[in-house]
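In: Next come a sequence and a model predicted from it.
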Amino acid sequence: DAVALGGYRHYMQKEIFEQPQAIANTVGAIGGGVALGSALFGAAEQWLDQIDRVLILACGTSYHAGMVARYWLEAVAGIPTVVEIASEYRYRDSVPHPATLVVAISQSGETADTLAALEHAHQLGMTKSLAICNVPESALTRTAAATFLTHAGPEIGVASTKAFTTQLVALALLTLTLAKLRGRLTPEAEAAELTRLRHLPVALQAVLAKEAEIAAWAPHFADKAHALFLGRGVHWPIAMEGALKLKEISYIHAEAYPAGELKHGPLALVDALMPVVAVAPNDQLLDKLMSNLEEVRARGGELYVFADQGVSIPQVPHLHAIQLPEHYGLFSPIVHVVPLQLLAYHVALVRGTDVDKPRNLAKSVTVE
Ligand code: G6P
C-alpha cells in the first residue's frame, strides 16, 4: 500500500491531489485544436442535434455533478434539463418526452439504481442515451446508446473526488457542444472556454496549495455534531457535495442549503456549535450571499468562507475566510469543490475515522 500511496496518507488524499492530472486527461479528449463537436460523444454524434431536452440520472456524488450540469445546460445551451435521483426516477410514473437526451452519470458504471433508471427511460421510449462513466467495460456503458469516458483513473477511496471533477469536465464539454450545435456559442467564446478548461489544472494546483490553511480549520469542526453548508446558484450543488463528503468520512451530520432558503428553516438551528461553511465565488450572487452570511453571524453562527480572489471579506469576529484563485467563470464549481474535499478529509483525520473505507458505505452499490 505504501508504494501505491506514493507518499500520501490515504487514497482519498492522493486522489484529491490527482485531480489536475485527471482533468487534463479528460479535457484531452478534445485534442489540441478547437474541436468541440458531437463526435466527442461517440454514437451520440448521429442524434445529438435532434434533442430538445435533457434528463440526467445518477446517485450520490454523481447526482451532484448532474445538478451542476442542470445550471450549465439551461444557462449556456438553453436546453430544459431535469436531474433525478435514479432510485426515485425508476419507480415513479413520469411523463416521457421522445426528443430527450438521457444522461446517466456513474463513476463505476455498476450502480444498480442508475442502471435500472436508464433501462426505465429506454422502456419509456427515450433511447437517445449517453453514459458518462469512468469504467470503459461496465454495465452502464454496455446499456447506454453512447458513452463519454472520464479519465480519472481508478478511484479507490469510497468518497468520490477525482471522479466528480472529471464528470463535471465531461458535462461542461457536453454543455458547450450542445450550445455550439444550437448556435449559442461563437467561435471566439468556444476558443476562450476551451483555453480556460485547459488551464483548469493550474488553477486547481493553486487551490491544493491551500491544504495547510484548510487543515488548520479542521479542529473547529472535529468536535462538533453538525455543520451547515451554504451556496447559491450553480454552487449550491457544490455545497451539497461538501456536506456529503463531511458526512461520509467524518460522520458529522452535515446539511446543505441554498443560502436564500436560510430564513425558511435552518436559521433556527444556527448557534456557535454548528459551523457554517459558505461557498462564495465572485459572481452575480455574491452580494446576496454575503447578506445571507451576515444573518448567520448576527445569530451567533461561526462562518467559514471560501472566497475568490478579489472578494472583499469583512474583518469581523466569527468570520473566517480562505481566499482561492480568481473567479473561474463557467467552471468555478470545479475549483470550489476541491477545498471542501480537503476540509472533509482533514476533519476525518482529526477524528481518526477510516477515511478510505468509511463505516457502512460501499464504493459501488450494485444491489438495491
Ligand atoms: C456510492 C459511493 C459514492 C458514489 C455513489 C454513486 O454511494 O460511495 O461515492 O457517488 O455510490 O456511484 P457511481 O459509481 O454510480 O458514481
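Out: Sure, I can see it. No experiment lies behind these values; they were computed from the predicted model shown.
In: can you map out the helices along the stretch 101-250 of the chain?
Out: In the stretch 101-250 of the chain, the helices defined using DSSP state H, counting those that start in this stretch lie at 112-123, 139-143, 162-181, 187-208, 211-215, 218-222, 236-250.
In: Format those as CSV; extra columns: mean pLDDT and mean neighbour count.
Out: All C-beta spots, glycine's among them, are computed from the backbone N, C-alpha and C. Compiled in CSV, the helices of the stretch 101-250 of the chain are given as follows (pLDDT from 0 to 100; neighbours: other CB atoms under 10 Å):
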stretch, mean pLDDT, mean neighbour count
helix 112-123, 98, 21
helix 139-143, 98, 19
helix 162-181, 98, 25
helix 187-208, 96, 16
helix 211-215, 98, 16
helix 218-222, 98, 17
helix 236-250, 98, 26
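In: Can you tell me which of the ones you listed is nearest to the ligand?
Out: helix 112-123 (5.1 Å; CB to the nearest ligand atom).
In: C-alpha coordinates for that closest one, CSV please?
Out: The C-alpha coordinates for helix 112-123 follow below in CSV (Å, rounded to 0.1, in the frame of the first residue of the first chain):
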residue,chain,number,x,y,z
ALA,A,112,-27.9,-0.8,-9.7
ASP,A,113,-30.3,2.1,-9.4
THR,A,114,-28.6,4.2,-12.1
LEU,A,115,-28.6,1.2,-14.5
ALA,A,116,-32.3,0.4,-13.8
ALA,A,117,-33.3,4.1,-14.2
LEU,A,118,-31.6,4.2,-17.6
GLU,A,119,-33.3,1.0,-18.6
HIS,A,120,-36.6,2.5,-17.4
ALA,A,121,-36.0,5.6,-19.6
HIS,A,122,-35.3,3.3,-22.6
GLN,A,123,-38.5,1.4,-22.0
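In: got a list of contacts for that helix?
Out: Outside helix 112-123, the residues that touch it by CB atoms under 8 Å, 6 or more residues apart in numbering are 55, 57-59, 62, 84, 86-87, 89-90, 96, 100, 102, 104-106, 129, 131, 139-140, 143-144, 365-368.
In: Those residues also near the ligand: which ones?
Out: 59, 62, 106, 365 (CB under 6 Å from any ligand atom).
In: what residue ranges in the protein score low on pLDDT?
Out: For the chain, applying pLDDT under 70 flags the ranges 32-34.
In: Remind me which helix or strand Gly310 belongs to.
Out: Under DSSP states H and E, no helix or strand contains Gly310.
In: How about the residue lying closest to Ala145 once chain neighbours are set aside: which residues does it bridge to?
Out: Distances taken as CB to CB, 6 or more residues apart in numbering put Ser129 closest to Ala145, at 4.7 Å, once the chain neighbours are dropped. Bridge pairing for Ser129 (DSSP bridges) gives the partners Val102.
In: shouldn't Ser129 be in contact with Thr147?
Out: No - if you go by CB atoms under 8 Å, Ser129 and Thr147 don't touch, sitting 9.5 Å apart.
In: Help me confirm that Val316 comes into contact with Arg297.
Out: Yes - Val316 is within contact range of Arg297, at 6.9 Å (criterion: CB under 8 Å).
In: quick one: which of the two has more around it?
Out: Taking other CB atoms under 10 Å, Val316 and Arg297 do not tie; Arg297 has more neighbours (17 against 9).
In: So which bits of the chain are right by the ligand?
Out: Counting by CB under 6 Å from any ligand atom, the residues of the chain lying close to the ligand are 59-62, 106-108, 111, 114, 158-160, 361, 363-365.
In: which among the residues you listed gets closest to His336?
Out: Of all the residues of the chain next to the ligand, His336 sits closest to Thr61, with 14.8 Å by CB to CB.
In: Give me the buried entries from the contacts of helix 112-123.
Out: 55, 57-59, 62, 84, 86-87, 89-90, 100, 102, 104-106, 129, 131, 139-140, 143-144, 365 (16 or more other CB atoms under 10 Å).
In: I'd like the list of these that fall within strands, please.
Out: 55, 57-58, 84, 100, 102, 104-106, 129, 131 (DSSP state E).
In: And the furthest pair within those?
Out: Farthest pair in those (CB to CB) is Thr100 and Ser106. Separation: 18.4 Å.
In: Tell me which residues touch the residue in the stretch 151-300 of the chain that the ligand sits nearest to, please.
Out: Of all residues in the stretch 151-300 of the chain, Ser160 sits closest to the ligand, at 3.7 Å by CB to the nearest ligand atom. By CB under 8 Å, 6+ apart, Ser160 lies in contact with 60-62, 107.
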